[in-house]
Structure formats: C-alpha cells, structure tokens
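A.B. asks: Please work out how this folds:
(one chain, ligands or ions: 1)
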Amino acid sequence: MSKLAELSATYRSRLNRLFGRWWRKQSPARQDRFATIGPLLSVLMFLAAITAASWYLRNEEIERTAEALRRDTEVAQQQIRLHLIENQEQLVRIARELATRDITTADFLDQAATFQRERPAVRRIAWITAKRQVRASQELMGFAPLVATDGTSADPSLPAQGQPIDAEFTFQAARDSRQPVYSHAFSDAAGVPVFQIQVPLIDRGNFNGVLAIDYGIEALLRHHVPPEVTRRHSIAVLDSGGRTLTSTVTAMPGQRSSPPSLSYELPLAPMSNGLVLKGMGYRTSVGLIGSTLFWMVVALSVLTVWMLLGTWRHVRRRAQIQGALVQETNFRRAMENSMLTGMRAMDLEGRVTYVNPAFCAMTGFSEDDLVGGRPPFPYWPSDRIEENSRLLQQELQGRSPAGGIEVKVMRKDGSVFDARMYVSPLIDPKGQQTGWMTSMTNITEAKRIRDQLSASHERFTTVLEGLEAAVSVMSVQHNELLFCNRSYRLWFGADAQGHALLASSAGDSVFQTEDDEDVDNLSGLPTHPLTETSTQPHEVFIDSLQMWFDVRSRYVQWTDGRLAQMLIATDITARRRVEELARQQAEKASVTSRLITMGEMASSVAHELNQPLTAINNYCNGMVSRVQAGSISNDDLVAALQKTGRQAERAGQIIHRIRSFVKRSEPQRQAAQAKDIVEDAVELAGIELRRRKVNIHTYVAQRLPTLHVDPILIEQVLLNLLKNAAEAIDGARMPPTRRHIELRVTPRHTAEEGGVIEFSVTDTGPGIPEDVLSRLYEAFYSTKADGMGIGLSLCRSIIESHHGRMRAQNQYNGTHVTGCRFAFTLPVDLSQRAEAPPVPDVPDEAAAANPNAASS
Ligand code: ADP
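C.D. replies: From the prediction side, this is the model:
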C-alpha cells in the first residue's frame, strides 16, 4: 500500500515539474491567456458533462417509464383476456347444455343470473333463437331493453335480419362459423359502449340460435385492470377507428385531456374485433425537477462564464495598470540612477532604508554600508555628531525648513564637503507616512562661488562706502532710492530727497513730482540710448549744506532691469573756495593793473589834459583882455565862452573815461557790441598814441554778433596791447613811416573753436625776439626798464576766463621782421545768435572801415 502511494507521489511530482517547466516557458501574455481560458474551458466542459448526464438520465427514465407502461398494459390485457377466455369456456358449456338438453327459460335465467352475479362487466345474457327471437334475457339491474311490438327489435344488441348492425353481423358469423364470435364495439340501448360475444347453439349439427352476452367495456376495465396499474398509468380502450371508448382516467368536464407523452397499444385479444387496449403514461414530476436542476446548472454555468469573462477583463485592466506601473517604476529608477542628487530614505525611527547610486558616489560609502544603519551615520563628521543628531531629530519631527539645511558631509576617505539637504515625507498608498525622503546636493562649488561673490561684493561696497563722493541710484519710475553710499547718507540721509535735489539742481531731473504722478516723463522713450549717454558734469551749490558738488549723472539699467539714474556728487567746496579766492585776486590784479596802466600813462594824461586846460586858459585870458579893452562884441564873447565850455567838457570826458576805466567793479558779463568796446579802448589809447606819435587804423566788420563779456576787461586787454605796440614802436625809434598800428575785429570760424570774433593788433615795431616769445605770458617778465611785466599774463587770463584764446606772432617780409601781431578770440553769445546774422568765414573787406587816426 505505502509503495503504491510512494509511486503515485513520484509521478505526481514529475508531472508537476513538467508542467512547471512548460508554464515557465510561456510568455507572460500567454500565461495570462491560459489562466483565463483554463477556467472558461473547465466550466464549458462541466456544462457539457452535465448536459450529457442529464440527457442520459432523461432517456433512461423515459425508457424505464415506457417499459413500465408496456408491462402494465400487458398485465391489463392479460387480465382481461384471461377473464374473457374463462367466460367463453363457461358460455360454451352453457350453450351446449341449452342446445342438447331441454332447459326451461327459468332454468336458463337462473343460470344466467348466477353467471352475471360473478361477472359485473356482463350487462346482458340473451338466448336468441335461430330466427333471431329472444327466448330469454338476463339484464343487468335497471336495464330494460326496448322490444318492438312488430317483433323487430330496435335494440342494437339484438340481431335483426337485414339490418346493418354489429349484432346481426356477429349473429351471421356465429351461425356460419359455428364458433363463438366477438362483435365490434358499439353502443347498446343505454348508450354504453359494449361488445358482444355470440356463442352458437349447435344440436347435432343443427344451428338453434345463439347465446349473446354483452360486455360493458368500461366495467371490464374497471373490474379487470389491477388497481396498481391504473394508479400508475391510464388505460383506455379504442375501437378499430381509433376512437377512445373508455378510459381509466376521465377528463374533467369542459377540459381537454392533455395528450400523453407515452403510449402503448395492444389488441384486446382473443377477439379479432379490432378493439385495442392502449396504455398511456404522463411525464412525472421527477422529470420536471430534473430539468429544473439542469437549467439551474446551465444558468450557474453561464453566470460563471460571465463572471470569468468579467474577471478576465478586470485582470487585463490590472495587467495594463501593472504594465504602466512597471514602466513608471523603470522610468523613475532610471531617472534616479542618472541624476546627480543623492537620495536617502529613512523610516520613522531614523533607520536608513534606501540610498541611490548618487548618494553612494557622493559619500563614497556603498549601499550595504548605509542601508539599515542607524544614527550616527558613517558620513557624519566626527566633530559634528551632536549638531547632526539635532538636525536629524528636527527632520524626524518634520520641522526641517523648506529651503533645506546646509550640512557638512564626510566622505569615506575622510574628506568633508558642504551639502544642502531637502526633506519631504514618504507616504504609502494608504496615505500614511512611512518615513522621510532626503535629497542631498553638493554645494561646495556653489558655496565657493558665493563666498567669492560676497567677498567681491564686500570689496565693492568698501570702495563705494569709502568714497568721498556721494553715490546714489534712484529708480526713474518709482522715485525709490535703490542704492546710496556712506557719504550720501552722511550728507542727505537715507531717503531719496537728496538725490532729487542734486538732480534738479543739475537741471537733469526726469523724476516725477508729487502732482504729476500719472505722467511718465520717459513714456514711450527707448531707454537703451539713455543708459549709454552720460550727461555733462554740473557744479551745484546745496544751500542747506553750504557745499558745492560736482554732479555727474548717468542712466543705468538696474540689476532688476529697471531704468535708474545714478548720481555721483563729489564735494568740490574746497576747490570752489580756492577758485573764488583766485578770482577775487585776479580781479584785484586787473584793477591794480588798470591803475598801473594809468600811472604809466600819467604823463600822457597830464599832457592830454593840458591841452584843453591851456585852451580854456587862453580863451579866458583873451576874453578878459578883450572885455577890458571893450573890443569884444557879445556874439564873439558867446562864441569864445562856447569854445571854453567845449574844452572843459573835453577835459571832463577824459577824466570821466579814466575814472570809469580804473573804477573798481565786479566783473560783469553783459551783452556788448565789439564796436563799442573798440571805440572806448581806442579813445583811451589815443592819449598814449598821440604822445608817442603813432598812428592807428581800426577796422570793425559790420553786423558782428553780440558778445557776452565784461566790456571793461576786454577794453583793458585792447588798451594793453595798443600800449605795448606803441611802446615797441616808440622804443625802437621807428621812422614816421613805420609808426603805425592796425586794429581789426573780424568774425572767424575755426574747427577748434567754432564761430568766434577775432580781435587783432598789428604793429610795425621790431617784433618779439624768440626768447621773449616763450616767456611772453610769464608774470613779472618784462624787457622794459620800468615795465611791470604783468600786462600780457593778465590779458591772457581775462581772455581765457571768457573762453577765448590769445596768441602772438611776428610779422615777416621775407625773413625780415616787420612787426608783430597780437590776436585774441571771443566766442559769440550763443543766446543771441539766432537774432544775429550768420558769421562769414571770410572777413567782409567791403565793410566800411572806421579809420580813426590820431596824431599829436
Ligand atoms: P611790460 O609792458 O610791463 O613790460 P608786458 O607783459 O605788457 O609787460 O610785456 C612783456 C614784454 O613783452 C615786454 O617787456 C616786451 O618785451 C614784450 N612785448 C610786449 N608787446 C610787444 C610788442 N608789441 N613788440 C615787441 N615786444 C613786445
């Protein structure tokens, strides 16, 4: 027994192995298909088996039922037949007695009654003569045959000559055959279906009539078919035409009996009268129950198939989701493996559950070194374990800052790097937190760059803060101070007002004021060119600080892309003070120089004044003597007095001009015409020129533009030049043909200076030696015994303060020096220029000359 079990176990395991091998060889899709089709097939096979079994059982049952029906019908036939044969024998015996012995009607009736009492199916026994007359008849109780008076019987059970009724046919047959004959079924006089047996009465070969017995077919069935047969099946008797004469089961009135599912027919032998015994069986409830079960199984199978298909679809959907998940997982894993950020997962107790390759590469530890480890972790620097523990606690409590934590991480080789860690919770599919995921980036390089940047920023701010100039940057659109350095804060405070003040004082404000807030001064302007131009420096005096600033502004694109104005205001108060001092000194010097000039010209002035005074004296003496002599008319006296007055006026004019020339006044620029300046200067110089017997010729071009100068100072320059020229001519004792000076005023246009007016004084003196030329403008340099040597240096500073130029050059005739030419230029007044005519490049020679020669 155990050996058999062992053997079967070996076979089983072998089969399992074989199946397992085959199963593993299949692709997952095929496995899925098999897993789906397998149950489906088994359900279908189960259904087929059930159907077959059910069909088989049903057939079996039908067979069995048919068999039972056949047997029952045979039993019924047998019973009836036996009874009829037994009866027939009895009747034959009675018939013989009737034929052979002399039996009375009463005897016969007695015998018949006995016979009938034992046989309830017999409805009537009649003794019928050969002439078809009823000798005697024993009826069933209550059964009265109708007997016609004419001797012919209307009773269908009695033979009647010439009438086509069964009784007659049977009578003839019995007479002819001399044998008992059974009739066909017919209805008797009471309408009950019956058949007849007629036994011939033969006496020594003579036919004496018949003994006719009627069998009620229904009674025959009732009394001779066993009750167990009728319980199981319905038995009916059919006539030769197939009509049911009677049945053990009668339909309820008004109801049609359902056709039987099974039937079996047998001739109701021994008669050959066409009667048939029919057994009928009906489907029993067992069959019905069987079929209900079958349909339930079918329904369950269909349900199972349907559910299997549903499950298959569900599984397929699952498989798709699973495929997508696998793809997603692979994608994430590939991403995770390729990225440079270290990832570390921890459970809620701080045990490392996962590290990615980047984390291992960063720290130098392998995955085995790290996973499963508890704090302190091997990558914590030994001197920072406490700090790291604290950070870990913070992390586990979920209090890590969103911006990440900066930590130091030690590699396996002991080197340390800076890292930034970001922490986020790990959530499982049920929504519960299972741990923490930490990402780590190496920020050593970023930190180094940041440190360098902050150092350079510090240097930059140190420089800016250390500047003696105020640096400020203000947003153009929002009037917001974007940057200011220490000097700015010191002078203007930390608000934007100082910037606005400087900008507006420098006449360069593009900022919005309070009341035109909705007007953008730069609206629509491209800001790009603005940032590339820097405005002219302005010198600005800030009243509240009592300080001077050199303000330079520039538009810059601020770090956030906004347009901003940068101002650099340098404190130039000290320089301005020195300049002011210098200016005052220069002014004093110019006044002094004018006094000196007058001092030098004192003898000339005295000589000049001497003339009118002498003339006045002469006129007065002449008039006194002529009045005393009484030789003067009133008219002559008036004429003489008028001449005296004119001379006095002239003297007064000379004094007035000298006074106004030397009068100390603040340098005052004003619109002035070159012609007026030249006239005044020539007038004053005329005194000296006349004394030195030098001619002057002046030429002033017409329609010259207006100058914006201090006329007294320009006059002083011209006077100085004319005086120097006269002194040079006089000092060289030039012959009268060469005692000549030319003063020209002409407009010029040079590439260097633009439009200017040039004043030139050309003399016919000895010219300037080379060594003197180089020192010409040196203060206190003079070649003259009584010269002060400050004239030309002062002249140049006056001209330069008017933004003009001064130059001196010798005049040549071949190599021979014929004199020298001093010239200076003055820029024209630009504000008046629009009104003034255009300045021609070439002097207008056709312009009227203004000769003003003077001689002593
Ligand atoms: P000063 O006239 O008091 O000497 P200036 O500064 O006016 O001082 O002149 C400086 C020198 O330039 C003179 O001493 C003279 O030598 C020279 N100089 C000036 N003008 C002329 C001139 N027209 N011709 C020759 N030399 C001149």
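A.B. asks: CA only for contacts and neighbour counts going forward, please
C.D. replies: Fine.
A.B. asks: which SSE is F417 in?
C.D. replies: If you go by DSSP states H and E, F417 is part of strand 416-427.
A.B. asks: can you check P200 too?
C.D. replies: Going by DSSP H and E, P200 is in strand 193-203.
A.B. asks: And Q565, by the same measure?
C.D. replies: Using DSSP H and E, Q565 maps to strand 563-571.
A.B. asks: Just checking: what are the partner strands of that strand?
C.D. replies: Using DSSP bridges, the strands paired with strand 563-571 are strand 470-475 (antiparallel), strand 547-557 (antiparallel).
A.B. asks: Nearest approach to the ligand belongs to which of the ones you listed?
C.D. replies: strand 547-557 (34.9 Å; CA to the nearest ligand atom).
A.B. asks: Buried residues, the closest one. List them.
C.D. replies: Within strand 547-557, the residues that count as buried by 16 or more other CA atoms under 10 Å are 548-557.
A.B. asks: pull the CA atoms of it into PDB?
C.D. replies: What follows is strand 547-557, C-alpha atoms only, in PDB (Å, rounded to 0.1, in the frame of the first residue of the first chain):
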ATOM      1  CA  MET A 547      28.500 122.900   0.000                       C
ATOM      2  CA  TRP A 548      29.500 122.700  -3.700                       C
ATOM      3  CA  PHE A 549      29.200 119.500  -5.600                       C
ATOM      4  CA  ASP A 550      30.300 118.300  -8.900                       C
ATOM      5  CA  VAL A 551      27.300 116.200 -10.000                       C
ATOM      6  CA  ARG A 552      27.600 113.600 -12.800                       C
ATOM      7  CA  SER A 553      24.600 111.600 -13.700                       C
ATOM      8  CA  ARG A 554      24.100 108.600 -15.800                       C
ATOM      9  CA  TYR A 555      21.300 106.300 -16.600                       C
ATOM     10  CA  VAL A 556      21.800 102.700 -15.800                       C
ATOM     11  CA  GLN A 557      19.900  99.500 -16.200                       C
END
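A.B. asks: and it, how far out from the chain's middle?
C.D. replies: 45 Å (CA atoms, centre = their mean, to the nearest Å).
A.B. asks: Likewise for stretch 497-510?
C.D. replies: Remark: stretch 497-510 is offset 45 Å from the chain centroid, using CA atoms, centre = their mean.
A.B. asks: just stretch 83-96 next, same as before
C.D. replies: Here stretch 83-96 is found 118 Å from its chain centre; the criterion is CA atoms, centre = their mean.
A.B. asks: now it: mean pLDDT?
C.D. replies: Mean pLDDT, stretch 83-96: 90.
A.B. asks: can you pull the alpha-carbon coordinates of that stretch into CSV?
C.D. replies: Provided in CSV are the C-alpha atoms of stretch 83-96 (Å, rounded to 0.1, in the frame of the first residue of the first chain):
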residue,chain,number,x,y,z
HIS,A,83,-61.3,-13.3,-17.9
LEU,A,84,-62.8,-13.4,-21.4
ILE,A,85,-61.4,-16.8,-22.2
GLU,A,86,-62.6,-18.2,-18.9
ASN,A,87,-66.0,-16.6,-19.5
GLN,A,88,-66.0,-18.0,-23.1
GLU,A,89,-65.4,-21.5,-21.8
GLN,A,90,-68.2,-21.2,-19.3
LEU,A,91,-70.5,-19.8,-22.0
VAL,A,92,-69.7,-22.6,-24.4
ARG,A,93,-70.6,-25.1,-21.7
ILE,A,94,-73.9,-23.3,-21.1
ALA,A,95,-74.6,-23.1,-24.8
ARG,A,96,-74.0,-26.9,-25.1
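A.B. asks: At which residues are the helices of the stretch 201-350 of the chain located?
C.D. replies: Ranges of helices in the stretch 201-350 of the chain, per DSSP state H, counting those that start in this stretch, are 217-224, 227-232, 285-338.
A.B. asks: and E465, helix, strand or coil?
C.D. replies: The assignment at E465 comes out as helix when based on DSSP: H, G, I helix; E, B strand; the rest coil.
A.B. asks: who does the strand or helix carrying F483 pair up with?
C.D. replies: Per DSSP H and E, F483 falls inside strand 481-484. Strands that pair with strand 481-484, judged by DSSP bridges, come out as strand 470-475 (antiparallel).
A.B. asks: For the ligand, find the nearest of the helices of the stretch 201-350 of the chain.
C.D. replies: If you check each of the helices of the stretch 201-350 of the chain against the ligand by CA to the nearest ligand atom, helix 285-338 wins as the nearest, at 89.2 Å.
A.B. asks: what is the mean pLDDT for that closest one?
C.D. replies: 84.
A.B. asks: Can you name every helix or strand that it contacts?
C.D. replies: helix 28-100, helix 357-363 (3 or more CA pairs under 8 Å, 6 or more residues apart in numbering; DSSP states H and E).
A.B. asks: Packed most tightly, which of those would that be?
C.D. replies: Per-stretch averages of neighbours, counted by mean count of other CA atoms under 10 Å, single out helix 357-363 among the helices and strands packed on helix 285-338, with a mean of 20.
A.B. asks: can you list contacts of that one?
C.D. replies: 337-344, 366-367, 379, 409-412, 440, 442 (CA atoms under 8 Å, 6 or more residues apart in numbering).
A.B. asks: Indicate which one of the helices and strands packed on helix 285-338 is closest to the ligand.
C.D. replies: Nearest to the ligand among the helices and strands packed on helix 285-338 is helix 357-363 (85.9 Å), distances taken as CA to the nearest ligand atom.
A.B. asks: how about low-confidence regions in this protein?
C.D. replies: 1, 141-154, 251-258, 269-272, 283-290, 508-535, 664, 829-856 (pLDDT under 70).
A.B. asks: Looking at it, which residue reaches furthest from the middle?
C.D. replies: No residue in the chain sits farther from the centre than D102, which is 135.2 Å out by CA atoms, centre = their mean.
A.B. asks: quick one: contacts for that one?
C.D. replies: By CA under 8 Å, 6+ apart, D102 has no neighbours at all.
A.B. asks: So it: helix, strand or coil?
C.D. replies: On the three-state scheme (three-state DSSP), D102 is labelled coil.
A.B. asks: hang on, the earlier thing: dump the strands paired with strand 563-571 into a markdown table; add distance to D32 as well.
C.D. replies: What follows is the strands paired with strand 563-571, written out as a markdown table (distance: least, CA to CA, whole Å):
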| stretch | distance to D32 |
| --- | --- |
| strand 470-475 | 72 |
| strand 547-557 | 68 |
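A.B. asks: Tell me where the stretch 601-750 of the chain has strands.
C.D. replies: All strands of the stretch 601-750 of the chain, identified by DSSP state E, counting those that start in this stretch, fall at 670-672, 695-700, 707-709, 740-750.
A.B. asks: now do the stretch 151-300 of the chain
C.D. replies: 181-182, 186-187, 193-203, 206-216, 234-238, 244-247, 262-267, 276-281.
A.B. asks: And the fifth one, what does it pack against?
C.D. replies: Helices and strands touching strand 234-238, as assessed by 3+ CA pairs under 8 Å, 6+ apart, comprise strand 244-247, strand 276-281.
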